[in-house]
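**Q** pasting the structure only:
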């Protein structure tokens, strides 16, 4: 049930019963929201909650399956983003839409170059571009190409486009994800100025302090449904986190997933006197990670969790060697990795299921068999020649073991479902003999049945003496593990054992 509070007056933007389904699967269900002039509303929710889908609908990139949109009390229908922009709605994404080869001034006026007698009025273009950037507090040479500007200056150019077009509503989707702290403060100052000028803002960020700094109200989405809309004075940040996660975290549901019967992945894990299967000592990178240390014992499943963007994905990549680290060491089974390359990591017996499996974990144009064997070609080659029969035999055996649903192991892996693709990534590390696995968001984007199968394979791997580090923003998934490290802004802010979870403290740390 929605608990939506509104303020009086005709809203600049009204959403009524907005729903969206993809091939029958609901992504949004019955969202209602009024946005008033000069008001900022934060859209909050975990990954997959429906925030980006709602932004796509409001920005005109997609149409709703049901529901209506009104501007100033009049119903509107957007067929494309240009329609939304014409109505006064502009969107700023994390990946900026500036054209690097053009100047700052040309980017600001890209869709409506000022003309005089049929020719571009370059003097007016430069003058008004300087005025737009100056109103935001930036003194930028408007004749510089955008590729030569800093990230903060590029974002200023993007916002200057909004100012120039006299936007009524600005949608910002994770605008500070790649900005250093001083530039974040600068952006928030700019947004306060826009609010003061009557511009309305829909703001998506995983950083709750930003949301509560700039926003007047927050809307919490979970699983495509609107859980609540309330003022930031009424809804505390801790309660907002609870709303985002849901009741699964509370009331003795520790260790269960989705209210099912799953508890600890390996209830029989006993560390003994063995060295850690994986040890991370004081790892930092060039951006978010700061002095992170953790251990994973043999047969143990350990989670690294936090709200989206806390650094868990970057940590997994740093451990594996696909992301550079500026400090710290990684040990596998008591031995320090000889180098920071993925090759050395794989040789040490560590495998990684990356968050972006289609980009980092698989070669989509290659077959299932080729993807399963690509990590250890020594098993399927001799004297530099591929032994196809051996490759086929190993792939068929592993496909059967993991219940990978295919027409045959020669089927291109890109044509499989998400769950079956994930099992292929899992299988290639089993075939390579990995004894330690890092799983980044292991069940993201796969259906319930496939999740069950992935969890089953994780349990089997642990029962056979393997060790797992689960990097996940899904709290209920982290609660399946023996121990949990909580990250906040790239630092370890808390650690819990499976049987000693302090619910209130965990919620507060997730902020």
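**A** That came in fine, so what should we check first? Computed from a predicted structure; not experimentally measured.
**Q** Could you break this structure into its assigned domains?
**A** Listed domain ranges for the chain are 13-249, 251-349+435-511, 365-432 (source: automatic domain parsing).
**Q** okay if I get those as TSV plus distance to residue 356, mean pLDDT and mean neighbour count?
**A** C-beta coordinates here come from the backbone N, C-alpha and C atoms, glycine included. Output for the domains of the chain, formatted as TSV (distance: least, C-beta to C-beta, whole Å; pLDDT from 0 to 100; neighbours: other C-beta atoms under 10 Å):
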stretch	distance to residue 356	mean pLDDT	mean neighbour count
domain 13-249	13	86	18
domain 251-349+435-511	9	82	19
domain 365-432	11	90	18
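**Q** quick one, which of these is nearest to residue 358?
**A** domain 365-432 (7.2 Å; C-beta to C-beta).
**Q** what distance separates the start and the end of the closest one?
**A** 21 Å (C-alpha to C-alpha, to the nearest Å).
**Q** go on, stretch 478-488?
**A** With C-alpha to C-alpha as the measure, the first residue of stretch 478-488 is 15 Å from its last.
**Q** any idea how far that stretch is from the chain center?
**A** 18 Å (C-alpha atoms, centre = their mean, to the nearest Å).
**Q** ok now stretch 67-80, how far from the chain's centre?
**A** A distance of 29 Å separates the centroid of the chain from that of stretch 67-80, by C-alpha atoms, centre = their mean.
**Q** same deal with stretch 489-504?
**A** That offset, for stretch 489-504, works out to 21 Å (C-alpha atoms, centre = their mean).
**Q** Residues in contact with it: which ones?
**A** If you take C-beta atoms under 8 Å, 6 or more residues apart in numbering as the criterion, stretch 489-504 is touched by 207, 249-250, 254-255, 264, 287-294, 310-311, 314, 479, 481-487, 505-506, 509.
**Q** hmm, 6 Å instead?
**A** 254, 264, 288-290, 292, 311, 482-486, 509 (C-beta atoms under 6 Å, 6 or more residues apart in numbering).
**Q** cool, and stretch 315-322?
**A** 283, 285, 289, 323, 325, 330, 340-342, 345, 352, 438, 440, 471.
**Q** Could you rerun that using 8 Å?
**A** By C-beta under 8 Å, 6+ apart, the residues outside stretch 315-322 that reach it are 278, 280, 283, 285, 289, 292, 304, 323-325, 330, 337, 339-345, 350, 352, 354-355, 360, 438, 440, 469, 471, 487.
**Q** next one: phi and psi at residue 387?
**A** Here is the backbone geometry of residue 387 (degrees, to the nearest 10): phi -100, psi 100.
**Q** The closest residue to it other than its chain neighbours: what's it in contact with?
**A** Once flanking residues are discounted, residue 387 sits nearest to residue 380: 5.5 Å by C-beta to C-beta, 6 or more residues apart in numbering. Listed by C-beta under 8 Å, 6+ apart, the contact set of residue 380 reads 373, 386-387, 390-391, 394.
**Q** circling back: mind listing which of the contacts of stretch 315-322 are in strands?
**A** 278, 280, 283, 292, 304, 330, 350, 352, 438, 440, 469, 471, 487 (DSSP state E).
**Q** Please report the distance of the fourth one from residue 329.
**A** Put plainly, it is residue 292. 12 Å (C-beta to C-beta, to the nearest Å).
**Q** The last one now?
**A** Residue 487 is 19 Å from residue 329, where distance means C-beta to C-beta.
**Q** distance between stretch 470-489 and the chain's centre?
**A** From the chain centre to the centre of stretch 470-489 is a distance of 15 Å (C-alpha atoms, centre = their mean).
**Q** Hmm, I typed the wrong one, I wanted stretch 117-127.
**A** 42 Å.
**Q** gap between the two ends of it?
**A** 18 Å.
**Q** ok, back up a step: most widely separated two among the ones in strands among the contacts of stretch 315-322?
**A** 350 and 487 (19.9 Å).
**Q** what is in contact with residue 292 and residue 329 at once?
**A** Shared contacts of residue 292 and residue 329 (C-beta under 8 Å, 6+ apart): 280, 282-283.
**Q** which among those residues gets closest to residue 112?
**A** Nearest to residue 112 among the shared contacts of residue 292 and residue 329, counting by C-beta to C-beta, is residue 283 at 48.6 Å.
**Q** partners of that closest one in the sheet?
**A** When bridges are called by DSSP bridges, residue 283 pairs up with residue 292.
**Q** Verify the contact between it and residue 289 for me.
**A** Yes. With contacts counted by C-beta atoms under 8 Å, residue 283 reaches residue 289, the gap being 6.1 Å.
**Q** Overlap of the contact sets of these two?
**A** In contact with both residue 283 and residue 289: 315, 318, 325, using C-beta under 8 Å, 6+ apart.
**Q** Helix, strand, or coil at the first one?
**A** Of the three states, residue 315 takes helix according to DSSP: H, G, I helix; E, B strand; the rest coil.
**Q** Show the end-to-end separation of stretch 306-326, please.
**A** End-to-end span of stretch 306-326 (C-alpha to C-alpha): 22 Å.
**Q** in what helix or strand does the residue nearest the centre of the chain lie?
**A** Nearest residue to the geometric centre of the chain (C-alpha atoms, centre = their mean): residue 308, 5.6 Å. Under the criterion of DSSP states H and E, residue 308 resides outside all helices and strands.
**Q** That one and residue 13: what is the separation?
**A** The gap separating residue 308 from residue 13 is 25 Å, by C-beta to C-beta.
**Q** same check, this time on residue 165
**A** Relative to residue 13, and taking C-beta to C-beta, residue 165 is found at 16 Å.
**Q** OK, contacts around the residue of the chain most remote from its centre?
**A** In the chain, counting by C-alpha atoms, centre = their mean, residue 117 sits farthest out from the average C-alpha position, at 48.5 Å. If you count contacts by C-beta under 8 Å, 6+ apart, residue 117 has none.
**Q** give me phi/psi at it?
**A** Here is the backbone geometry of residue 117 (degrees, to the nearest 10): phi 60, psi 30.
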